[in-house]
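Student: I need the structure of the sequence given here:
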Amino acid sequence: MSGTGSRGTRGSSIGGAKSYRDEAVVLRTAKLGEADRIVSLLTRHHGRVRAVAKGVRRTSSRFGARLEPFTCVDVQLHRGRSLDTVTQADVLAPYGQVLVADYGLYTVGHALLETAERFTEVERETATQQYLLLVGALRSLSRREHDASLVLDAYLLRSLAVAGYAASFGDCARCGEAGPHAAFNVSAGGAVCPSCRPPGSAAPDPATLELLAALLSGEWALADAVEDRCRREGSGLVAAFLQWHLEHGIRSLRHVEREPHEPPVPLAR
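Tutor: Residues are numbered from 1 along each chain as shown. Now for the predicted structure:
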């Protein structure tokens, strides 16, 4: 359902410098006053933006239900001093409809949103790659294309790489010696050779490092075939690597279920 008013090209200004339109994923919402809501959005072209959605908590609101977490929207905003104002919102993909109905998907989805927010802490700083990664992860999750924990770990690894913290799972992260190597060290940046191996390095199953390399590069046929024990070990390494670089962990990760699973059955498109 579209509202009235002229619409411009996504990512462009509309009606002057103070009005603009963009694609966005709703990351978080908070109540404001009796009827308004503050919405945190990760946009495709304008980075993370906080905006006021006026009157959305009233039953008569034109677009209140469209501004819920997990939803991908085509949004029009008016610039403000500290907070922008949402003037129009149309749903592009209601990922939340699927995620909120399944606790496992819901917890993974929240971990995705929290991670995206942490990697875009500077408001209005362009973060197109982070936006595209998030949309891709939410789409895959909602369609059940792969096991949810694999989607999460792939997203975490790729978000780290976009932020400049790419982990090495083959060559030595310190000296570059060709791998594979048996040791993995979070502070060193990933796999390490015998000469560079710091004390206390982990010695994961070689299949675990192959899994993580596949998730980083998008080799899903290989990732989907890996055993559960390697998936759980890989998730532990990813979480430790993420916490090292963010200094504080992602709170939502503690609620993510890491249990043995049945192969995912993709939904009809």
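
Student: pretty sure A35 sits against A53.
Tutor: No: using CB atoms under 8 Å, A35 makes no contact with A53, being 9.7 Å away. (C-beta placed from N, C-alpha, C; glycine too.)

Student: ok, the two, which is more surrounded?
Tutor: Neighbours around A35 and A53, counted as other CB atoms under 10 Å, are more numerous at A53. The numbers are 26 against 15.

Student: show me what contacts the more buried one?
Tutor: Counting by CB atoms under 8 Å, 6 or more residues apart in numbering, A53 touches 36-39, 63-64, 67, 85-86, 89.

Student: same deal with L113?
Tutor: L113 touches 25, 27-28, 69-70, 134, 252, counting by CB under 8 Å, 6+ apart.

Student: same thing with G96?
Tutor: Neighbour list for G96: 68-71, 109 [criterion: CB under 8 Å, 6+ apart].

Student: and if we set it to 6 Å?
Tutor: 68, 70-71 (CB atoms under 6 Å, 6 or more residues apart in numbering).

Student: repeat for A93
Tutor: By CB under 6 Å, 6+ apart, the contact list for A93 reads C72.

Student: so it, which of the three states?
Tutor: Here A93 is recorded as strand under DSSP: H, G, I helix; E, B strand; the rest coil.

Student: how far away is it from D228?
Tutor: Distance of A93 to D228, given as CB to CB, to the nearest Å: 30 Å.

Student: next one: K54
Tutor: 48 Å.

Student: neighbour-wise, which of the two wins?
Tutor: Taking neighbours as other CB under 10 Å, K54 and D228 compare with K54 leading, 16 against 13.

Student: would you mark the buried spots in the host helix or strand of L212?
Tutor: Element membership of L212, judged by DSSP states H and E, is helix 206-217. Using 16 or more other CB atoms under 10 Å as the test for burial, helix 206-217 gives 207-216.

Student: name the helices or strands packed onto that helix?
Tutor: On a contact count with 3 or more CB pairs under 6 Å, 6 or more residues apart in numbering; DSSP states H and E, helix 206-217 meets helix 148-162, helix 220-224, helix 228-246.

Student: quick one: mean pLDDT for it?
Tutor: The average pLDDT for helix 206-217 rounds to 97.

Student: give the contact list for the residue nearest to E123 when sequence neighbours are not counted.
Tutor: Leaving aside its chain neighbours, E123 sits nearest to R48 (5.4 Å; criterion: CB to CB, 6 or more residues apart in numbering). Going by CB under 6 Å, 6+ apart, R48 touches 42, 120, 123.

Student: same question, T126
Tutor: Residues near T126 by CB under 6 Å, 6+ apart: G47.

Student: begin at 52 from now on, thanks
Tutor: From this message on, residue numbering opens at 52, which makes the last subject T177.

Student: and it, how far from T171?
Tutor: Separation of T177 from T171 (CB to CB): 10 Å.

Student: show me where pLDDT drops low in the stretch 52-201 of the chain?
Tutor: Within the stretch 52-201 of the chain, the stretches with pLDDT under 70 are 52-68, 108, 110-115.

Student: please repeat the previous calculation with a cut-off of 90.
Tutor: Where the stretch 52-201 of the chain drops to pLDDT under 90, the residues are 52-69, 82-88, 104-118, 131-133.

Student: tell me where it has helices.
Tutor: In the stretch 52-201 of the chain, the helices defined using DSSP state H, counting those that start in this stretch lie at 147-150, 154-169, 179-194, 199-213.

Student: may I see the buried residues of stretch 238-258?
Tutor: For stretch 238-258, burial by neighbour count (16+ other CB under 10 Å) applies to 239-244, 247-248, 252, 255, 258.

Student: what does it contact?
Tutor: Stretch 238-258 has contacts (CB under 6 Å, 6+ apart) with 218-220, 223-226, 228, 230, 232-236, 281, 284.

Student: give the helix, strand or coil label for the residue of the chain most remote from its centre.
Tutor: Distance from the C-alpha centroid of the chain peaks at S246, with 35.5 Å (CA atoms, centre = their mean). Using three-state DSSP, the secondary structure recorded for S246 is coil.
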